[in-house]
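# With the sequence up front, the predicted model follows.
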Amino acid sequence: MTAKRDAPRVEPVIERLVKALVVTAKAVTLYPPASSIPRDTAQEAAAILGQALEERHEVRLVVTKQGIYHNDVLLFAGESAYGAFALELYSRKLAEVRFHSGTTAKDIMSFLSLLSHSPEDLEAAGGFEARLWDRGVGTITVREARITLVDAEAVVGGEEESGPDGLSRSGIDEILAGAYGGRSRDQLTIARLLGDRGTVSSYLTSTYTSSGVTSNLLGAGERFAEFAEIAYAAGEAERSPLMGSLGEAFGDLDPSLKRALLVEQILPEARTNGALAAFVQQMDVNELCEVIVADMDAGSVHRQGLARAIRNLSLISMSSRGDIVSAAGTAMRGVGFDEKTISEVTEMALPSRLTVREQAGGTPAAETPAAAIFRLIDLAPTDSGGASTVEQSDLTALRVEARRGITDGDVIMTSVSLVTMDPSDSHFSSAMAILEDSLDMLIERGDIDIAADAADALSAAADNEALSQEQRTRLRKAIGRFTRPEDIRTVAHSLRIYEPGTVEYRAAQRILGALGPLAIEPMLEQLADEPDMAVRKSLVDLLCSMAPAYVAELGVHVTDPRWYVARNVVKILGSTRSSSALPFLERTVRHPEPRVRREVVRALSVIPDRAAQELLVAALSDEDAQNVQLAARYLGAADVRGAIPALEQVARGEGMGSRATGPRVEAIEALGRLKATQSLHTLEYIVGKRSILGAGKARELRAAAEAAIARIGVANGGRS
């Protein structure tokens, strides 16, 4: 009995708020938008929230699979309606929800209406937080989980046969969810589970066959990716054995499932998923090639599909291209492929010839072997007539190097060298014609290190004053061939999946450095079009790291007619924390889209410059209430005393964006933080004002004003 009395309790107002949220969620789901019932229930929830916010600056709810917590206390334990509501939030990767002052019924309805979207649709749209942003909801903020270990909704079926440790599929789901929630006992169990190859392979097989249709390959692929992410997220000491165990479990799968998973799920996704890439890299390339060609009929093989799988493997595996060609050839021979088919497939996957486009006389494009470079070398000037500008020994060395089993990369780098050997128009044009047509393949085929070498060499050549201006311009344009959207995406992916210090990571850095300002526009375009949230984040991080050196090049894009591009640019400029970004941010203070202006407010708040503070003060006259609220919050936190008169106007509700409760409360709190003694008259007026209409809002304003007066009084020797 004592333990029960001493158990922590949740305040009644928080319980009432969660009840109101659950009721509103059901109303939003069941009734059409035109119905008054969802609006009425949302109004009730907003009113209860207002009461809760009278005592605190925010209401914070933590989401787990077990339920919703407030101050580490589980609400309504064992009650199915609240558990189902928590699961709805949890399955959409929400770990925390915060309600701030000024939250309206419309904000609550917008927040809860997102639960009608499937987790997959939300993920494709950039996540829950991004969708809230798109709907203009700034008073409700969320924290999303980094990964969802297992989506409970995807677990179909009952208590199937238990694994070696007595764990059913649903039991495994529960353990994964517990580990995600941070329970130490489940952290130990999850490591034991991943170490049990039989349990993992049985779980994947059960997922594959559990959908009630022929197969559920996508579900099995998602589960495999989740296991890989769990192992990859472990510490350095645990990662290797967990990944090894996952590889053994993969090897235990049925051959048809194993091949389908590898070819259709793992290899394509590994190009943008670091955990899956790490899994592929630790596997033996010969074994992977055998899986790719397993059960294939040489007579009816789909050559392009097989070539694509081998090509994906070459882009991810740590093995050399030669090793992959050898392993793929051996695997194909093992299932009865003839040498002609093997040659065709490997040539499609990993071309051994350079494609050269004939330029003279409008001749149609034709493929010529890499030996074309030999002819180019032979065209180089000799000693005869004393006209040579190149030492004969240099050409001899080039011939020897080119003829000893060259690769495409060797050919390209030799072409780069030849470009600068003789500035005469005929030889320069011939070398550039070959080089320009061959550069496109480098990043596409994963040769980022060679692409970086080529970009560095071309950049140096473009600075060679011995070349004409036209030639130097052509060299710079050749560097620009590395700025195709697919190439930029590959470079960004390399920086995300490879460890700093590795050859691949340094090569990706070098190529961006060589591209310099040329990379800005294609990176912004890729960011605008990229559907994968992880890749978008990687691109933003890259642009932020480059931004201090290219503020002007970025700044010109704030006038892009696409509001989301302008918002991205503002965010990146803000990351510089530099006054040099202010002229461009000033152009967007009055942008027609409030979401862009909101990002401007955030950017200005981190720039330690008086001009930035003045622009923040100007933002207090914004017509959007959320923007005014943010500006007031930042001005109070930054101790900008020059903002006091404008904050008083907001506190009194004067202005288009200052009529809502949220910005007014924020302005009042800012006056308190600024110890604004000159504002006591305004604050006392708010305390004394009574209103029959909107009594709840009036109470919230009075509570904020009383707290601000007390804070000012303490700062002035106890005056109240």
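Thanks, I have the structure now.
# Compute the number of surrounding residues for S118.
12 (other Cβ atoms under 10 Å). C-beta here means a position set from N, CA and C on the backbone, and glycine is covered the same way.
# What confidence value was assigned to it?
Looking at S118, its pLDDT is 84.
# Against R92, how distant is it?
According to Cβ to Cβ, to the nearest Å, S118 stands 9 Å off from R92.
# One more: S459?
Here S459 is placed at a distance of 46 Å from R92 (Cβ to Cβ).
# Over to A637?
For A637 relative to R92 (Cβ to Cβ), the value is 31 Å.
# Please apply the same query to A77.
Noted for A77: a distance of 22 Å to R92, by Cβ to Cβ.
# Can you pick out the residue with more neighbours from these two?
Counted by other Cβ under 10 Å, A77 and R92 do not tie: R92 has more neighbours, with 25 against 10.
# wait, that one sits on L114?
Yes. With contacts counted by Cβ atoms under 8 Å, R92 reaches L114, the gap being 7.5 Å.
# shared neighbours of the two, anything?
Shared contacts of R92 and L114, defined by Cβ atoms under 8 Å, 6 or more residues apart in numbering, comprise L122, F128.
# for M109, phi and psi?
Main-chain torsions, M109, degrees, to the nearest 10: phi -60, psi -40.
# give the contact list for it.
Here M109 is in contact with T24, V28, P38, R39, A42 (criterion: Cβ under 8 Å, 6+ apart).
# quick one: the third one is in a helix?
Yes. Counting by DSSP: H, G, I helix; E, B strand; the rest coil, P38 is located in a helix.
# give the contact list for it.
T24, A27, V28, Y31, M109.
# how much space between it and V142?
Shown here: P38 relative to V142, a distance of 20 Å by Cβ to Cβ.
# What of the last one?
Taken as Cβ to Cβ, the spacing of A42 relative to V142 amounts to 18 Å.
# Per-residue pLDDT of P381, please?
pLDDT for P381: 48.
# repeat for G102
Predicted confidence (pLDDT) for G102: 78.
# and S240, how many residues sit next to it?
S240 has 13 neighbouring residues, counting by other Cβ under 10 Å.
# what's near enough to touch it?
S240 touches Q282, counting by Cβ under 8 Å, 6+ apart.
# What of I48?
Residues counted as contacts of I48 (Cβ under 8 Å, 6+ apart) are V13, R16, L17, A20.
# The spatially closest residue to the second one that is not a sequence neighbour is in what secondary structure piece?
Leaving out its chain neighbours, the residue that sits closest to R16 by Cβ to Cβ, 6 or more residues apart in numbering is I48, at 5.1 Å. Secondary structure from DSSP states H and E places I48 in helix 36-53.
# Buried residues, that helix. List them.
Of all the residues in helix 36-53, those buried under the rule 16 or more other Cβ atoms under 10 Å are 38-39, 41-46, 48-50, 52-53.
# Direction included, what does the following helix or strand past it pair against?
Elements were assigned by DSSP H and E; along the chain past helix 36-53, the next helix or strand is strand 58-63. Take DSSP bridges as the rule and strand 58-63 pairs in its sheet with strand 68-70 (antiparallel), strand 94-100 (antiparallel).
# ok, now how distant is A228 from L306?
For A228, the distance to L306 equals 24 Å [Cβ to Cβ].
# quick one, which of these two is more surrounded?
Using other Cβ under 10 Å as the criterion, A228 and L306 rank with A228 on top: 26 against 23.
# Leaving out chain neighbours, which residue sits closest to the more buried one?
A275 (4.1 Å).
# Repeat that for R308.
Counting by Cβ to Cβ, 6+ apart, R308 lies nearest to A349, which is 7.4 Å off, once chain neighbours are set aside.
# so what pLDDT did R587 get?
91.
# what about it, neighbour count?
15.
# How about the one 3 residues further on?
Burial of R590, expressed as a neighbour count using other Cβ under 10 Å, amounts to 12.
# ok, it to S621 distance?
Counting by Cβ to Cβ, the gap from R590 to S621 is 10 Å.
# Any idea how far stretch 110-118 is from the middle of the chain?
Mean-position distance between stretch 110-118 and its chain equals 22 Å (Cα atoms, centre = their mean, to the nearest Å).
# Alpha carbons of it, as CSV, please.
Extracted in CSV, the C-alpha atoms of stretch 110-118 (Å, rounded to 0.1, in the frame of the first residue of the first chain):
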residue,chain,number,x,y,z
SER,A,110,-3.1,19.6,-38.5
PHE,A,111,-0.8,17.6,-36.2
LEU,A,112,-3.3,14.8,-35.6
SER,A,113,-4.5,14.7,-39.3
LEU,A,114,-0.9,13.5,-40.2
LEU,A,115,-1.8,10.2,-38.5
SER,A,116,-4.1,9.4,-41.4
HIS,A,117,-0.9,9.2,-43.6
SER,A,118,0.9,5.9,-43.6
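# and E666, what element?
Element membership of E666, judged by DSSP H and E, is helix 661-673.
# now that helix against strand 94-100, angle please.
On the basis of axes from the mean of the first three to the mean of the last three Cα atoms, to 10 degrees, helix 661-673 is oriented at 80 degrees to strand 94-100.
# any idea of the angle the very next helix or strand once past helix 661-673 forms with helix 661-673?
Following helix 661-673 in sequence order, the next helix or strand is helix 680-688 (DSSP H and E). Interaxial angle, helix 680-688 versus helix 661-673 (the same axes, to 10 degrees): 130 degrees.
# returning to what we had before: TSV please, covering the buried residues of helix 36-53 and showing pLDDT.
Below are the buried residues of helix 36-53 laid out as TSV (pLDDT from 0 to 100):
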residue	pLDDT
P38	86
R39	87
T41	90
A42	91
Q43	91
E44	91
A45	92
A46	91
I48	92
L49	91
G50	86
A52	87
L53	83
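# Just send those back as TSV, with distance to R484 too.
Shown next, in TSV, are the buried residues of helix 36-53 (distance: Cβ to Cβ, whole Å):
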residue	distance to R484
P38	47
R39	49
T41	51
A42	47
Q43	52
E44	54
A45	49
A46	49
I48	54
L49	49
G50	53
A52	52
L53	51
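# Okay, helices next: where are they in the stretch 201-350 of the chain?
217-233, 236-251, 255-260, 267-270, 274-281, 285-293, 303-316, 321-334, 339-349 (DSSP state H, counting those that start in this stretch).
# Return the distance of the shortest one from the chain's centre.
Looking back up the chat, that one is helix 267-270. Its chain's C-alpha centre and that of helix 267-270 lie 17 Å apart, by Cα atoms, centre = their mean.
# cool, and the longest one?
Chain-centre distance of helix 217-233: 18 Å, with Cα atoms, centre = their mean.
# got the buried residues for that helix?
Buried-residue list, helix 217-233, by 16+ other Cβ under 10 Å: 217, 219-232.
# any idea how far A618 is from A275?
In terms of Cβ to Cβ, A618 sits 46 Å off from A275.
# So which of these two has more stuff around it?
Neighbour comparison, A618 and A275: the larger count goes to A275, with 23 against 15 (by other Cβ under 10 Å).
# Now for the more buried one: which residues touch it?
Shown in contact with A275 (Cβ under 8 Å, 6+ apart): A225, A228, E229, A231, Y232, A233.
# let's see 10 Å
147, 224-233, 239, 243, 246, 269, 497 (Cβ atoms under 10 Å, 6 or more residues apart in numbering).
# between those, which is closest to A328?
A328 lies nearest to E269 out of the contacts of A275, by Cβ to Cβ, at 20.4 Å.
# what's around the nearest residue to D529 once chain neighbours are set aside, how many residues?
Once flanking residues are discounted, D529 sits nearest to P485: 7.1 Å by Cβ to Cβ, 6+ apart. By the measure other Cβ under 10 Å, the count of residues near P485 is 13.
# Please consider this matter closed, and thank you.
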